[in-house]
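Asks: Prediction below, plus the sequence it came from.
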Amino acid sequence: MVFVEVRELSKNYKTGEVVVEALKGVSFDVYEGEILSILGPSGCGKSTLLNCLSGIDEPTSGKVVINGVDLHSLKDDDKTRFRALNMGFVFQFYNLIPVLTAVENVELAMLTMGSSQKKARSAAMEILAGVNLDARARNLPSQLSGGERQRVSIARALVHRPAIVWADEPTGALDTKTSTDFMSLILELNRTFNQTFVIVTHDERVSKYSDRILHMDSGEVVQIEDNNSLKVSENADSNS
Amino acid sequence: MLIQILSLFIGISTVVIVVSMFFNPVIFKIGFRNIFRRRTDTLLVIMGSLIGTALIVGSMAMNDSFQKFLYNQIERGNGEVDQFVYIPSANRNIGKEFISNDKISKLVEHLLDDSKVDGVLPVLSRSVTVGFPGETRVQSGKSVQVSLLGVDSELIYAWPDASNKIKPSVFDTADGELVAIINEELAASLNAAVGDTLEILADPGQRLLFWIELPKVRIADIVKGNGLLYYQIESQMANGFTLILPVESARTLLKINVPELFNGLLVSNRGNFIEGERLTDAVVASIESIAGNEFRIDTVKKNAISRADQGNIGLLFLVLSVFAIFAGTLLLSNIYLMLAQERRTELGTLRAIGYSRRRVSKTIVYEGFFYSIISSAIGVLAGLAIAGFIFGSFVNLFTDIATLIPFENAATAFRSIQSSFAFYVRPESVFYGFLLGLIIPMIIVLLTGKKIARTNIVKAVRNIPEELDKKQRLFLNILAGAGVLISIIMAYSGYSIRNATLFFIGVVVTGLLFPVSIPLKNKKILESLFSVGVIVFTMLSNSFSLIADNSTSSIYLVVAKGGAILFAGLFLIVYNLKTFELILNKVFQRARSAAPVFKISIAFSARNLVRTGLTIAMYGVVIFVITLISIIPYSQEQMFIKSRDMIFAGYDVGIFSISGRTVLSFTEVQSLGQVSEVTSVENISVALREDGRYIRESLYGIDNSFVVNNKFFEIEYDRSLGLSSGKQVWEYLKLNPGTVVVSSNVLPGVVPGDFIELRKILEGESTSQGPPAGFIRRSLSEDLIGSDSFVFRVIATLPENTISFMNGIFVYREHLPSSLDGNVASRNYLVNLSGTNQVEKKENFRALNEYVGAGSVVTLYVDDIIELTSTILKGTISILRSFLYFGMLVGIVGIAIIMFKALYERKRIVGMLKAIGFTKKMVFASFVLETTFIVFIGIVLGIITGTLTSVEIYASPEMQGMRLYIPWDQLVGMSLIFYLASLVFTIIPSYMASKIPPAEALRYFE
């Protein structure tokens, strides 16, 4: 089932007198429960595309319909509310709040939705256990490794069971092994919860975990590749 | 001297830094360009830094203005008179003995030969009453007390500041007519002109002897009153009225028949006002080499300058500034800590590519140097503006006071003084202020530079926080332990040598440092307990006699107590910030939509201990001082207002004779329409036996009207008498001979049930003139007191610190032994005015005052006194508070800087929050709430610790009887204003944060 419809999405930036076309009439669909990678070289517009899809940036023209809702027709507060209820985010540099512990960072997403403290804490501990970080729940981000921080970030993104998770270069700051572990986790969560993931990356190894790969270049979608044949299977992963 | 040394140090450091810039062009470029990186931040840093300089320069300017004013008064009052030489008399009525002509000649000759002296003038001085013929004896307000100086008619022309004022031959007359010159002030007071004739009443005893013709003088000239022509003899109420005539005329006028001509010698040191003062010791030595032991040499100029220097209110501003400057130091520490944090990555990179620690530290030093120079320069201008504003407030206050002074002559004198009050600042003060304002920021910058240089390169480049490692923690523990040891020694030494301040500080520092010295990780409870312990110890410190005895007499101990409460309170709060966070989160977690906002805002402040602690301290310190200077004078004012019924024992008006006798009879006063009740009180000077010696005291002989109408009800009485209230005490006094009521203000050791012994003071001993007995407890020699002693039983005491004009011993007049009664210093009246409201009473007072007249009778209305005192207290405190309000800028700028820094530091976090569902309002609210949390705690800390310190001050034994009143409305109003001002400064960064587009924020790198 199509979960996200993207039609003729364009985004222009004005730098002085020069107009930069970051996105040029991009159109594609995202299916429910899939892992979609957006792959391309640096400066091709991947992050811009992600930002426009998730509603944290306004496109110059075009439409993004998520689960039947025209995202950019909503007012700013409504869009924010929509994000809080339906989306999760994983950032390259984690963007954890340094003064909050791991569990406090995770439960923040629930609290933002209006959940009670008790429910938020319970859900946060549960998801941290799911990413094997329950023992480190009371540590500050400065006391965690890069991989642990990214797992906290994932936990925050998933704690409120969002319909879709957007990840912008989630392994960009991780070493190879940690990246592999991280992507395996993504895969597992995807299978367990039927979570839709859209991952922006320049790393082809990451894209191997996806169901489909959307290739971008110079603000355009050049190819959408079905990755089922190339995808790393769970069994292959556990054997390696 | 210290200021000069510090200024030299700063001057040299400045030169060194500037020179080093030439040798480090790249580092200089980085440091300099960093100033323009974020202009708002730079503006705030400069604003925060300039406050210290502004307050220093402002204080120095106030100091200079007041000093110049005081020195002007001295110059006017003393002029060229540096020393006054005389032989003191045992007879206080006379005051000074005549000096033999031979001795005078010797002294004059010797001093005229002395190169350090430029003027010598023998004088015959006396205080007399002067008026137009027929008006001197009458209490009509048209005669005044004047300082009469009989001078050598030749030497007067050689006197430095008289020679160009006194015309030659002004004293030449035909027919032996007595002529004199008077000063302009006296002429204005009497409305006299050249050629008028004045009558002189030299002996107050002759006031009623109207058949005796009083001597007259013609006014030969009126001159400007300065120096000698403004000179006042010490026993007279200084009003600036001087009359000078040749000594022969003075002798005729005063009917002096002794062969000696003069009773004093004025000596002028060479040089101007200040130069002359410096020669004082040498000239005194020169005089002593000729004069015998019988002579006393009063160094009048030097004493006046010394009093002026000590009583200079400018110093008070400097002391108050210290607190604001301390808060400014905290702000600067905060600023440069944040700056260091901000620059860490780039400085780590510089280290990585090969720059030495020293050179890297210079980027911060150069940047800080520019901030310091700019802020110091602006601070000088700001300081002068502040001083000018404060000065203007003082001038307005003086104007208000002048209109309220009930004595016309005093009001006139006050106004003439006020006119010489002008804003003045010495160029050196500006220069020193500028340099001193540089010291604190430069020291902090240099320390920050050193800290930066030590940073680990990898951690700096990767922006990994540097926590204290085990070794550093242990070092801190050991350092604190050493501090504990030193403070224990301090406490022990203080106790041994009976130094209360040393002892107190030793104990307090031990209490504050001890938990820091313990190498435990979780020691919040221990730290809190010790902080509470320090506060409790301070509040109960008067239980130690060593501390109680010095509680209010030692300013250092008072400051130490205040500091102890403030810092212990601050530590307690900082140790428990997370507890506050927990409590607030629990409270607000029910507000579902607001819960995440509260969580974020409180977490950022509560978990950033150093930054938050410093900001809370900034607010706390300044609010603490403002609270203290609000509460104490307010309490005094309230006590004064509530003492309305004590000032004149419940009566509206006091009519006091200052010359000793009054021509108003009781019947006359009673018959006046303006009067509803009147009582007469005889003020009799008696000798009270105390500790084997005799002391002059005032004995008030009261009548039945006083017994019935007085309102001295708050009174400690002898319980064995079977009385049930204070009111009954007076009735008991009336019915029982041999009993007295005593004021504890003058006899603090006497309690109800005690006995006191009184004796008569023999005639010849002054019974009038000068301040009331009890203010100055003068010992009396045995030959001046009678042989009969009278013992009285004390049935009650008026509490200590009772605000009243009547402080002494009260006895029912009819029970006064006849041999005690007779030495009446004055007969005063206490009057209740007719009228049903304030307006009517005020009108009746005016009529009464006009009838009674001025001259040697003073009429005082209790509401006027209260209004005058209130105005002085309120006005002065308002001015001091205004000065400190500028210091509050420290806190306000501090919080603004923190929030602007937060805006940049948390830009990506803000982007993330918006991504996960924080609306603009929520982001804005989180910043505002963070400000609120910090500012609120800082204000509350300042108010609570200031209040506790006031309570502690009032708990000391010397403040017994004084009550504490807290101006809650003023404190709440002030808090609200500071909070709103802080909010205004943080609205901009809060708004900016809320407006950041999330996509842009997420891409942001510092």
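Replies: Thanks, I have the structure now.
Asks: alpha carbons only for contacts and neighbour counts from here, please
Replies: Fine.
Asks: Please save the CA atoms from stretch B:256-272 in PDB.
Replies: Extracted in PDB, the C-alpha atoms of stretch B:256-272 (Å, rounded to 0.1, in the frame of the first residue of the first chain):
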ATOM      1  CA  ILE B 256      36.300  92.700  81.100                       C
ATOM      2  CA  ASN B 257      38.600  94.300  83.600                       C
ATOM      3  CA  VAL B 258      41.400  91.700  83.900                       C
ATOM      4  CA  PRO B 259      44.800  92.900  82.600                       C
ATOM      5  CA  GLU B 260      45.000  90.000  80.100                       C
ATOM      6  CA  LEU B 261      43.600  90.900  76.800                       C
ATOM      7  CA  PHE B 262      43.200  87.600  74.900                       C
ATOM      8  CA  ASN B 263      41.900  84.100  75.600                       C
ATOM      9  CA  GLY B 264      43.100  82.400  72.400                       C
ATOM     10  CA  LEU B 265      45.500  82.500  69.500                       C
ATOM     11  CA  LEU B 266      44.700  81.600  65.900                       C
ATOM     12  CA  VAL B 267      47.600  80.300  63.900                       C
ATOM     13  CA  SER B 268      47.700  80.000  60.100                       C
ATOM     14  CA  ASN B 269      50.100  77.600  58.400                       C
ATOM     15  CA  ARG B 270      51.900  78.600  55.200                       C
ATOM     16  CA  GLY B 271      50.400  77.600  51.900                       C
ATOM     17  CA  ASN B 272      46.900  76.900  50.700                       C
END
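Asks: Identify the residues contacting that stretch?
Replies: B:80-87, B:96-101, B:104, B:115-125, B:159-160, B:247, B:251, B:276-277, B:279-280, B:283 (CA atoms under 8 Å, 6 or more residues apart in numbering or on different chains).
Asks: Now do the buried residues in that stretch.
Replies: Neighbour counts over stretch B:256-272 (16 or more other CA atoms under 10 Å in any protein chain shown) mark B:261, B:262, B:263, B:264, B:265, B:266, B:267, B:268, B:269, B:270, B:271 as buried.
Asks: same deal with stretch B:642-653?
Replies: Buried residues in stretch B:642-653 (16+ other CA under 10 Å): B:643, B:644, B:645, B:646, B:647, B:648, B:649, B:650, B:651, B:652, B:653.
Asks: Longest helix of chain A, counting residues only.
Replies: Assignment by DSSP state H gives helix A:176-193 as the longest helix of chain A.
Asks: And that helix, what does it pack against?
Replies: Contact here means 3 or more CA pairs under 8 Å, 6 or more residues apart in numbering or on different chains; DSSP states H and E; on that basis helix A:176-193 packs against helix A:146-158, helix A:204-207.
Asks: would you list the ones you listed in CSV and tack on mean pLDDT, distance to residue B:953 and mean neighbour count?
Replies: As requested, those are exported to CSV (pLDDT from 0 to 100; distance: least, CA to CA, whole Å; neighbours: other CA atoms under 10 Å in any protein chain shown):
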stretch, mean pLDDT, distance to residue B:953, mean neighbour count
helix A:146-158, 90, 55, 25
helix A:204-207, 83, 72, 19
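Asks: In the stretch 651-800 of chain B, where is pLDDT below threshold?
Replies: For the stretch 651-800 of chain B, the stretches flagged by pLDDT under 70 are B:658-663, B:763-781.
Asks: Give the full set of residues in contact with residue B:574.
Replies: Per CA under 8 Å, 6+ apart, neighbours of residue B:574: B:609, B:613.
Asks: Next: residue A:23.
Replies: Applying CA under 8 Å, 6+ apart, the residues near residue A:23 are A:9, A:10, A:11, A:12, A:45, A:48, A:49, A:218, A:219, A:220.
Asks: cool, residue B:667 as well?
Replies: Listed by CA under 8 Å, 6+ apart, residue B:667 has no contact partners.
Asks: which SSE is it in?
Replies: helix B:666-670 (DSSP states H and E).
Asks: buried set for that helix?
Replies: residue B:669.
Asks: Strands - which of the contacts of residue A:23 land there?
Replies: In this view, the contacts of residue A:23 that belong to strands under DSSP state E are A:9, A:10, A:11, A:12, A:220.
Asks: now, which of those residues sits nearest residue B:346?
Replies: Nearest to residue B:346 among the ones in strands among the contacts of residue A:23 is residue A:12, at 32.4 Å by CA to CA.
Asks: now the closest residue to that closest one other than its chain neighbours: how far from chain B?
Replies: Excluding its sequence neighbours, the residue lying closest to residue A:12 (CA to CA, 6 or more residues apart in numbering or on different chains) is residue A:21, at 4.4 Å. As defined by CA to the nearest CA, to the nearest Å, residue A:21 lies at a distance of 16 Å from chain B.
Asks: so residue A:21, which of the three states?
Replies: strand (DSSP: H, G, I helix; E, B strand; the rest coil).
Asks: quick one: it and residue A:219 touch, right?
Replies: Yes. Counting by CA atoms under 8 Å, residue A:21 does reach residue A:219; the two are 7.0 Å apart.
Asks: Quick check on these two: which one has the bigger neighbour count.
Replies: Using other CA atoms under 10 Å in any protein chain shown as the criterion, residue A:21 and residue A:219 rank with residue A:219 on top: 24 against 17.
Asks: List the residues that contact that one.
Replies: Taking CA under 8 Å, 6+ apart as the criterion, residue A:219 is in contact with A:21, A:22, A:23, A:24, A:26, A:44, A:45, A:46.
Asks: swap the cut-off to 7 Å and go again
Replies: Shown in contact with residue A:219 (CA atoms under 7 Å, 6 or more residues apart in numbering or on different chains): A:21, A:22, A:23, A:24, A:44, A:45.
Asks: Could you find the closest non-adjacent residue to it?
Replies: Closest residue to residue A:219 apart from its sequence neighbours, by CA to CA, 6+ apart: residue A:23 at 4.1 Å.
Asks: nearest residue to the residue in chain A that chain B sits nearest to other than its sequence neighbours?
Replies: The nearest approach of chain A to chain B comes at residue A:84, 4.3 Å away (CA to the nearest CA). Nearest residue to residue A:84 in three dimensions, chain neighbours excluded: residue B:917, at 4.3 Å (CA to CA, 6+ apart).
Asks: Just to check, that neighbour is in contact with residue A:112?
Replies: Yes. Contact criterion CA atoms under 7 Å: residue B:917 and residue A:112 qualify, at 6.2 Å.
Asks: quick one: common contacting residues for these two?
Replies: residue A:84.
Asks: all strands of the stretch 851-1000 of chain B, in order?
Replies: Assigned strands in the stretch 851-1000 of chain B, in chain order: B:857-861 (criterion: DSSP state E, counting those that start in this stretch).
Asks: So which bits of it are right by chain A?
Replies: Residues of the stretch 851-1000 of chain B found near chain A (CA under 7 Å from any CA of the partner chain) are B:908, B:909, B:912, B:915, B:916, B:917, B:918, B:919, B:998, B:999.
Asks: Could I get the contacting residues of the residue nearest to residue A:12?
Replies: Residues in contact with residue A:21 (CA under 7 Å, 6+ apart) are A:11, A:12, A:13, A:219.
Asks: Tell me which two of these sit farthest apart.
Replies: Farthest-apart pair in the contacts of residue A:21 is A:13 and A:219; separation 12.1 Å (CA to CA).
Asks: what's the closest non-adjacent residue to residue 42?
Replies: The chain I'm using is chain A. Counting by CA to CA, 6+ apart, residue A:42 lies nearest to residue A:202, which is 7.1 Å off, once chain neighbours are set aside.
Asks: Chain B, not that one
Replies: residue B:35 is the one closest to residue B:42 (CA to CA, 6+ apart), at 6.1 Å.
Asks: follow-up on the earlier one: so the residue nearest to residue A:219 bridges to which residues?
Replies: Beta-bridge partners for residue A:23, by DSSP bridges, are residue A:11.
Asks: For chain A, what's its nearest residue on the stretch 251-400 of chain B.
Replies: residue B:341 (14.7 Å).
Asks: and the closest residue to residue B:788 other than its chain neighbours, helix, strand or coil?
Replies: Of all residues not flanking residue B:788 in the chain, residue B:759 sits nearest, at 6.2 Å (CA to CA, 6+ apart). Assigned by three-state DSSP, the conformation of residue B:759 is strand.
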